[in-house]
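>>> need a structure here:
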Amino acid sequence: MKDATRLTALALGMISMVLLACNPSNANKERTTSVTDVTTDKQQTIPYRLSSGEKINLPDELLEISGIAFLEGQDQDIYAIQDEQGLLFRYNLSTQKLTFNPFGKDGDYEDIGISKTHFFILKSNGAIYSFPITDKDNIQTVTEQKDILPKGEYEGLFVDKTSNLAYVLCKECRTDKKQAQTTGYIFSIGADGKFNPQGEFAIQIDELKKFDPKIKKTFKPSALAKKNDSNEWYILSSIDKALVVTDENFHVKSITTLDPKLFPQPEGINFDSKSNLYISSEAGDQDKGIIFKFEK
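Next comes the predicted model:
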């Protein structure tokens, strides 16, 4: 009986091997799972832990904080705007002192950028306001540029000090209603601080969907910043609660979901000179506007 049992077991084992050889679908499933895991690992390799940054509670004047930026080589001072008043804020990280100067009337101001010579502020309708850095403590003359962007809603502006180029990203633009992408515009910056059109770029929805199926038809960014040591773009979306990382040509490399408890309404992003990451968020249903600092 024992010999018969052994022979039966051996025969069944040989039959199983033959069936596996004829139907390799199980092996393919294992390889697919492995590839999926690798892809997930690749897209999660940003050099920051977004669950454990330094939280900076801001004064009441910045409950509605939107854009943030740094002057070159001055990492202790964060320049910021909020989306209700035409005020330029400066917040010192060491002393926690907040000062501000008016630059315009009340309005929906969404982002701020700084070149080597000028400050730039983006209004949601696409208007750009600029003034020299030398006037930051007593802003007298502000230049307004209208109609340099197509009609739409804009929240993202970044000024690249190295190339002296400005990048403006649509939140919701008419041009994107007939195509699955989010469009942006590039400008060179003149000595007088004026923007001059240099071209367009786009983030493709199909690329975003590969990393996050919840992004189906549109992507509505609220801010962008360039990480100079890797030439990557970090693009924030408050509505999608996502941080998207692309290469220098805006091809998507990763998407990280943002915890709404930590980031109730994230609308500002930038890097200091050491490539530490800063994300600002409006108060939302909390009692303070906040900035998170994530060290590299």
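>>> distance of the closest residue to Glu248 other than its chain neighbours from Phe292?
Distances taken as C-beta to C-beta, 6 or more residues apart in numbering place Asn231 nearest to Glu248, at 4.2 Å, with adjacent residues excluded. For the C-beta atoms, the positions are set from N, CA and C on the backbone; glycine is no exception. Note on Asn231: its distance to Phe292, by C-beta to C-beta, to the nearest Å, is 23 Å.
>>> who's more crowded, these two?
Phe292 (19 against 10; other C-beta atoms under 10 Å).
>>> Excluding chain neighbours, what is closest to that one?
In space, and not counting its chain neighbours, Phe292 is closest to Gly53: 4.0 Å by C-beta to C-beta, 6+ apart.
>>> ok, how many other residues are close to the one you found?
Neighbour count for Gly53, taken as other C-beta under 10 Å: 19.
>>> which residues sit in contact with the closest residue to Lys146 other than its chain neighbours?
Closest residue to Lys146 apart from its sequence neighbours, by C-beta to C-beta, 6+ apart: Ala127 at 5.1 Å. Residues counted as contacts of Ala127 (C-beta atoms under 8 Å, 6 or more residues apart in numbering) are Glu144, Gln145, Lys146.
>>> Give me the buried subset of those.
Listed as buried from the contacts of Ala127 are Gln145; burial here means 16 or more other C-beta atoms under 10 Å.
>>> Adding secondary structure and pLDDT as columns, could you present the contacts of Ala127 in a markdown table?
Shown next, in a markdown table, are the contacts of Ala127 (DSSP: H, G, I helix; E, B strand; the rest coil; pLDDT from 0 to 100):
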| residue | secondary structure | pLDDT |
| --- | --- | --- |
| Glu144 | strand | 98 |
| Gln145 | strand | 98 |
| Lys146 | coil | 96 |
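>>> gap between the residue nearest to Phe292 and Ile269?
12 Å.
>>> Mind listing the shared neighbours of the two?
Leu277, Ile279.
>>> Now do the residue nearest the centre of the chain, the pLDDT please.
Nearest residue to the geometric centre of the chain (C-alpha atoms, centre = their mean): Ile235, 1.9 Å. Ile235 is assigned 98 on the pLDDT scale.
>>> Next: the one 4 residues further on.
According to the model's per-residue confidence, Ile239 sits at a pLDDT of 93.
>>> again, but for the one 4 residues further on
According to the model's per-residue confidence, Leu243 sits at a pLDDT of 97.
>>> What strands flank the helix or strand encompassing it, and is each parallel or antiparallel?
Assigned by DSSP states H and E, Leu243 falls within strand 242-246. Here strand 242-246 is paired, per DSSP bridges, with strand 232-237 (antiparallel), strand 252-257 (antiparallel).
>>> before we move on, the earlier item: can you put the contacts of Ala127 in a markdown table and add distance to Phe158?
Shown next, in a markdown table, are the contacts of Ala127 (distance: C-beta to C-beta, whole Å):
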| residue | distance to Phe158 |
| --- | --- |
| Glu144 | 20 |
| Gln145 | 17 |
| Lys146 | 20 |
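>>> Closest to Glu248 out of the contacts of Ala127?
Gln145 (26.0 Å; C-beta to C-beta).
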